[in-house]
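>>> model the following, please.
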Amino acid sequence: MRILVVEDEHKLADYLKKGLSEQGYVVDICRDGQDGMHAATEGNYDLVVLDVMLPGMDGFAVLNALRKSKDTPVLMLTARDKVEDRVRGLEGGADDYLVKPFAFSELLARIHALLRRGRVHELTTLTLADLELDLTRRKAHRAGTRLDLTAKEFTLLALMLRRQGQALSRTMIAEQVWDMNFDSDTNVIDVAVRRLRAKIDEPFEQKLLHTVRGMGYVLEVREQ
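I've put the predicted structure just below:
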């Protein structure tokens, strides 16, 4: 899942990116309202964390522009604990409001709640054969056996399950899971796929994660 953080305080923005990335989210940062508005309206995000006080264009204006075209869940942040600010944000289409300073655990809980609420109409479980990924509870099982996945492995498996049957290049995996450009001199993608394969395939007779020579990797059922 991709989250956009629109926050001009560099230290806080970097802290949020680090914490959310460790939870398996792909996070983009915008540090002013204009860039945030463009990214929120033109990009494809599952949730936007939006500060109120921004240079160039405040959070209320960004929210107003976003609501003209999208219903992306928005969690607003503000240093001003004023009822009128919260009312203005919520009436303008914000889904939740959090006053600074806040505990990261509370932010994370609110994000989880918004994502669950915003995706009730979508699949919350991804499956292939006897492999099952619960996106809400962030749990994975194969043939009834619990799989112990890291946050990045969970994100990688979710991507492959959503694109099952489609060969994914190393470049696409790097962009979607690590939020970086693929460097042909690094083997981080191959190492990650190898570790994921060891958990979801090696203990089981039927193999699901396959290498596509010259292209990348694909998750699919193949006839024995």
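
>>> can you pull the contacts of the residue nearest to R142 when sequence neighbours are not counted?
Closest residue to R142 apart from its sequence neighbours, by CB to CB, 6 or more residues apart in numbering: L131 at 4.9 Å. (Each C-beta comes from the backbone N, C-alpha and C, glycine too.) Residues in contact with L131 (CB atoms under 8 Å, 6 or more residues apart in numbering) are A140, H141, R142, L161, I200, L208.

>>> buried subset of the residues you listed?
Buried members of those, scored by 16 or more other CB atoms under 10 Å, are A140, R142, L161, I200, L208.

>>> outline the domain layout of this structure.
2-118, 125-219 (automatic domain parsing).

>>> make CSV from the ones you listed and add mean pLDDT to it.
Rendered in CSV, the data for the domains of the chain read as follows (pLDDT from 0 to 100):
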stretch, mean pLDDT
domain 2-118, 90
domain 125-219, 89
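
>>> and Y97, how far from L75?
Distance of Y97 to L75, computed by CB to CB, to the nearest Å: 8 Å.

>>> try D201
For D201, the distance to L75 - CB to CB - is 37 Å.

>>> and the longest helix along the chain, how far from the chain's centre?
Ranked by residue count under DSSP state H, the longest helix found in the chain is helix 104-118. On the basis of CA atoms, centre = their mean, to the nearest Å, helix 104-118 sits 12 Å off its chain's mean C-alpha point.

>>> could you list every helix and strand in contact with that helix?
helix 10-22, strand 47-51, strand 74-78, strand 96-99 (3 or more CB pairs under 8 Å, 6 or more residues apart in numbering; DSSP states H and E).

>>> so where do the helices sit in the protein?
Under DSSP H, the chain gives helices at 10-22, 33-42, 59-67, 83-91, 104-118, 151-162, 170-173, 188-200.

>>> Serialize those helices to CSV and add fields for distance to E220.
Formatted as CSV, these follow (distance: least, CB to CB, whole Å):
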stretch, distance to E220
helix 10-22, 28
helix 33-42, 32
helix 59-67, 36
helix 83-91, 44
helix 104-118, 27
helix 151-162, 9
helix 170-173, 16
helix 188-200, 13
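
>>> ok, back up a step: what's the angle between the longest helix of the chain and helix 10-22?
60 degrees (axes from the mean of the first three to the mean of the last three CA atoms, to 10 degrees).

>>> which residues does helix 104-118 contact?
Contacts of helix 104-118 (CB under 8 Å, 6+ apart): 1, 3, 15-16, 19-20, 23, 46-47, 49, 71-73, 75, 95-96, 98, 124, 136.

>>> cutoff 6 Å now
With contact meaning CB atoms under 6 Å, 6 or more residues apart in numbering, helix 104-118 is reached by G19, L47, P73, L75, D95, D96, T136.

>>> list the buried residues for that helix?
L107, R110, I111, L114, L115.

>>> equivalent analysis for stretch 51-65, please.
D51, V52, L54, M57, G59, F60, A61, V62, L63, A65.

>>> how about the fourth one, nearest residue that isn't a chain neighbour?
Setting aside the residues directly before and after it, M57 is nearest to G33 in space (CB to CB, 6+ apart), at 2.9 Å.
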